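Undergrad: Pasting the sequence and the predicted model now:
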Amino acid sequence: MTQTQHDADQDIVLECDQVNRWFGGLQALKGISLSVRKGEIFGLVGPNGSGKTTLVNAITGFYPPQQGQIRFLGEPINGLKPHCIAQKGIARTFQNVALFRGLSVLDNILLGRHIFMRPSIMASLFYWWWAQKEEVAHRVKVEEIIDLLQLESVRDEPVDVIPLGMQKRVELARALCAEPRFLVLDEPMAGMNQEEKEYMVRFILDAREAMGTTMLLIEHHMDVVTAICNRAVVLNNGEKIAEGPTREAINDPAVVTAYIGKVKDAA
Ligand SMILES: Nc1ncnc2c1ncn2[C@@H]1O[C@H](COP(=O)(O)OP(=O)(O)OP(=O)(O)O)[C@@H](O)[C@H]1O
């Protein structure tokens, strides 16, 4: 093994090795292997139904793979429950906004801290001074993130009443509050107009710079993928059809054919 290869291996945060997942007779993931390196924004792209969300659900423990290995910082995480995987430092946002309606923006973001909170009410009662100190620390972190994502003006608004673009930003804020080492963003720009998209791109880049978070980004907007992803993998019908530096991967002839095929199918 060369020194360069060794350094690259040391830098791997998340690794999928021959991951397979079936839903009944349908094979949604066919031997997917990929590795995401520290500090990069890694693009996961592909036409509708190609397996992107299934792969993310496998990584985050919602639908564990039936075959293959997933390692986080060198440690196997297959089969762990989603909350155990979250505690190891993997956070995610969802394709459809998944916020707690009726709660304020601030309370929704604060919920991102739950992985650090002590489960025992008794312990909190006896050690109320400790609980208070913890509460202050959580609020400091939340304020930092509100500042970073410029959510100050809506902090006390119920999440239901703010525009979709802002709701997506609140989801990002909540995920960042968990101080993840690896963050999965599932279509963070879905349904956004051009201006909202540009803001979101800025916030994702700012978050990576401020917190050093490694990210996996599922995104249909190719301009966004090309602008912010260091490398990308392209899936089609559950198979990996291209991989590499973003521009090279998405311009691969197999990718162009896969997208044209989908358009023809839909016509
Ligand atoms: N829970 C499930 N039960 C049965 N089939 C499923 C389930 N989840 C996904 N699938 C199927 O697996 C395949 C891959 O779906 P997946 O949602 O991973 O694709 P995707 O690339 O994320 O698509 P999109 O871009 O539309 O979100 C599809 O054929 C889908 O119908």
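TA: Arrived safely. Numbers count the residues shown, from 1 in each chain.
Undergrad: Could you spell out which stretches of this structure belong to which domain?
TA: What automatic domain parsing lists as the domains of the chain is 12-19+26-48+60-89+183-198+212-258, 101-179.
Undergrad: Can you say which of the ones you listed is packed in most?
TA: Neighbour counts (mean count of other C-beta atoms under 10 Å) averaged over each of the domains of the chain peak at domain 12-19+26-48+60-89+183-198+212-258, with a mean of 18. Quick note: C-beta positions are derived from backbone N, CA and C, even for glycine.
Undergrad: and the end-to-end length of that one?
TA: End-to-end distance for domain 12-19+26-48+60-89+183-198+212-258: 29 Å, by C-alpha to C-alpha, to the nearest Å.
Undergrad: Establish whether that domain and the ligand are in contact.
TA: Yes: residues of domain 12-19+26-48+60-89+183-198+212-258 contacting the ligand under C-beta under 6 Å from any ligand atom: 26, 28, 46, 48.
Undergrad: what about the last one, distance to residue 163?
TA: Read it as residue 48. Distance of residue 48 to residue 163, given as C-beta to C-beta, to the nearest Å: 25 Å.
Undergrad: my guess is residue 165 meets residue 192, correct?
TA: Yes: Residue 165 is within contact range of residue 192, at 5.2 Å (criterion: C-beta atoms under 8 Å).
Undergrad: Sticking with residue 232, tell me its helix or strand.
TA: Take DSSP states H and E as the rule and residue 232 turns out to sit in strand 231-236.
Undergrad: Give me the packing partners of that strand, helices and strands only.
TA: Using 3 or more C-beta pairs under 8 Å, 6 or more residues apart in numbering; DSSP states H and E, the elements in contact with strand 231-236 are strand 26-37, strand 41-45, strand 239-245, helix 246-250, helix 253-266.
Undergrad: list the contacts for the closest residue to residue 211 other than its chain neighbours?
TA: Excluding its sequence neighbours, the residue lying closest to residue 211 (C-beta to C-beta, 6 or more residues apart in numbering) is residue 176, at 6.5 Å. The contact partners of residue 176, by C-beta atoms under 8 Å, 6 or more residues apart in numbering, come to 91, 112, 145, 148-149, 183, 207, 211, 213.
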